[in-house]
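A.B. asks: sequence and predicted structure, then a few things I'm wondering about:
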Amino acid sequence: MNNAISEAISRTNASAAADHEVRLDGLRKFVDVNDTIDKLAAFEVAVPTWGVGTGGTRFARFPIPGEPTSIFDKIDDCGVIQELVTCCPRVSPHFPWDDVRDYSELRDHATARNLGFDAVNSNTFQDQAKQQHSYRHGSLTHSEAAVRDQAIAHNIDCIEVGKALGSSALTVWIGDGSNYPGQSDMARSFDRYLNSAREIYAALPDDWTMLIEHKLFEPAFYSTVIQDWGSSYLAATAMGPKAACLVDLGHHAPSVNIEMIVARLAWAGKLGGFHFNDSKYGDDDLDSGSIQPFQLFLVFNELVEASARASGKDTVPFAPAYMLDQSHNVTDPIESLAVSADALQCACARALLVDRASLHEAQDANDVITARALLQDAYQTDVRPLVAETRRRRGGAIDPIAAYRASGYRNEVAKTRKLVAVGSTGIV
């Protein structure tokens, strides 16, 4: 726990309490506040270690003072986010970016900040120092067996690291594909992917999940091996029950109905988790809910629906892994991640307010206007006091940004952290 953050939360909560109570009382007239808060308190979303650093574009990256320079710094920043918003108790690391000599030390460092570890992420979309074979023309699907073996071994190494950290999931995203027609055989590439992925799958502990992430394009601009939810579903189904699909909101073609994809994967029992972000034009990795908040609400509407459908059945509990995945080019990453966590909680709260019995009745009666109105009523409800109260009851901030800025945290860590070199490019 960071003393400066804790003190700032206490001060800002005290000054905001009166106005907050008035807004919360306004909701009590038509919302079961305590029941909704109890349900909302169950929502958790992991923070990516790479998300607490400034992002960038192909052209430039603009580091800020106090940016983390090690995985231990990243964990410290993630701990601050958790203190502020109280719904981010786990961290998702990326390897080899977050490699350390002693993973027990890293786990202890996280535990001391009330953090655990979520899915570990492998990286075969970049060449690393001292790497024997290049991934320029692919990794798990490369035409050369030696390159595929190297990529498989890295993923298995990530599983071993995850076991040491207390994780129970591996996220696999590959940039494999082609930029020109004829460059690769699409069927044979997918076959090689499945053969490689099966070796990784075989190394998973029994209680682990392999999350397969799809992406429409980039860095492969003509064809991508795992390019959509259908390819991801085919791969996950071919591997077995420990494999599932991961949905990144930015990894789809414009105008694709992502909430329908969520519903279908949930129905099929293959919805493994999410990378939450937002986009306007492509894979923009903007703050969650900043561009398409209604779409975010509709995604959570399907998640609440799927959870209700699964409850009481003798099936595996419906519990997708939630994680933020954003690139913060012009904002303080801690602020953006706190705002995004709030946006997700708000979307979840609105989905919890939907009158599902009436919605199902309207749907069965083909009453389009009523069905649409029921969703709109929930979406247009100002649930921010509910979310703020959920945080406050757990020791978090009514206003996370006000508390963070009042703490002076960024200025303090800037005194001891080395400034990241200017001029680098890329998202991390």
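C.D. replies: Cool, got the structure. Numbers count the residues shown, from 1 in each chain.

A.B. asks: quick one: the helices in the stretch 201-350 of the chain?
C.D. replies: Chain-ordered helices for the stretch 201-350 of the chain, with DSSP state H, counting those that start in this stretch as the definition, fall at 229-239, 258-267, 293-310, 333-352.

A.B. asks: who touches the second one?
C.D. replies: So the one you mean is helix 258-267. 229, 233, 245, 247, 249, 252, 271, 295, 298-299, 301-303, 305-306, 318 (C-beta atoms under 8 Å, 6 or more residues apart in numbering). From N, CA and C alone the C-beta is placed, and that goes for glycine too.

A.B. asks: ok, 6 Å please
C.D. replies: When contacts are defined by C-beta atoms under 6 Å, 6 or more residues apart in numbering, helix 258-267 is touched by residues 229, 245, 252, 271, 298-299, 302, 306.

A.B. asks: would you list those residues in TSV and tack on neighbour count and pLDDT?
C.D. replies: Listed next are the contacts of helix 258-267 as TSV, based on neighbours: other C-beta atoms under 10 Å; pLDDT from 0 to 100:
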residue	neighbour count	pLDDT
229	25	97
245	28	98
252	21	95
271	27	98
298	22	98
299	25	98
302	21	98
306	18	96
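
A.B. asks: which helix is the longest one in the protein?
C.D. replies: When the chain is parsed with DSSP state H, its longest helix is helix 3-28.

A.B. asks: what comes up buried for that one?
C.D. replies: 5, 8-9, 12-13, 16, 20, 24, 27 (16 or more other C-beta atoms under 10 Å).

A.B. asks: same check on stretch 229-243?
C.D. replies: Quick answer for stretch 229-243 (16+ other C-beta under 10 Å): 229, 231-236, 239, 242-243.

A.B. asks: ok now it, how far from the chain's centre?
C.D. replies: The chain centroid and the centroid of stretch 229-243 are separated by 20 Å under C-alpha atoms, centre = their mean, to the nearest Å.

A.B. asks: equivalent analysis for stretch 113-125, please.
C.D. replies: On C-alpha atoms, centre = their mean, the centre of stretch 113-125 falls 11 Å from the chain's centre.

A.B. asks: put the alpha carbons of it into CSV.
C.D. replies: Only the C-alpha atoms of stretch 113-125 are listed here, as CSV (Å, rounded to 0.1, in the frame of the first residue of the first chain):
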residue,chain,number,x,y,z
ARG,A,113,1.1,-4.6,-3.1
ASN,A,114,-2.0,-6.8,-2.8
LEU,A,115,-1.6,-8.0,-6.4
GLY,A,116,-1.6,-11.4,-8.0
PHE,A,117,-0.9,-12.5,-11.6
ASP,A,118,-3.3,-13.1,-14.4
ALA,A,119,-2.5,-14.6,-17.8
VAL,A,120,1.1,-14.6,-18.9
ASN,A,121,1.7,-13.4,-22.5
SER,A,122,4.2,-14.9,-24.9
ASN,A,123,6.0,-12.9,-27.6
THR,A,124,6.9,-14.4,-30.9
PHE,A,125,6.0,-11.3,-32.9
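
A.B. asks: OK, contacts around residue 285?
C.D. replies: Per C-beta under 6 Å, 6+ apart, neighbours of residue 285: 250, 277, 326-327.

A.B. asks: by neighbours, which of those residues wins?
C.D. replies: Of all these, the most densely surrounded is residue 326 (27 neighbours; neighbours counted as other C-beta atoms under 10 Å).

A.B. asks: and that one, how far from residue 336?
C.D. replies: With distances taken as C-beta to C-beta, to the nearest Å, residue 326 is found 6 Å from residue 336.

A.B. asks: and if you look at residue 14?
C.D. replies: Taking C-beta to C-beta, one finds residue 14 at 26 Å from residue 336.

A.B. asks: count the residues that sit near the closest residue in space to residue 286 that isn't next to it in sequence.
C.D. replies: Among residues not flanking residue 286 along the chain, residue 278 sits closest, at 4.4 Å (C-beta to C-beta, 6 or more residues apart in numbering). Neighbour count for residue 278, taken as other C-beta under 10 Å: 21.

A.B. asks: this protein: strands as residue ranges?
C.D. replies: 47-48, 90-92, 116-117, 120-121, 169-172, 177-178, 209-213, 223-224, 243-248, 271-276, 321-324 (DSSP state E).

A.B. asks: can I get the helices of the stretch 201-350 of the chain in CSV including distance to residue 118?
C.D. replies: Shown next, in CSV, are these (distance: least, C-beta to C-beta, whole Å):
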stretch, distance to residue 118
helix 229-239, 19
helix 258-267, 19
helix 293-310, 17
helix 333-352, 14
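
A.B. asks: most tightly packed of those helices?
C.D. replies: helix 333-352 (a mean of 25; mean count of other C-beta atoms under 10 Å).

A.B. asks: confidence score at residue 314?
C.D. replies: At residue 314, the pLDDT value in this model is 59.

A.B. asks: so how many other residues sit close to residue 248?
C.D. replies: So residue 248, with other C-beta under 10 Å, has 22 neighbours.

A.B. asks: per-residue pLDDT, it?
C.D. replies: 98.
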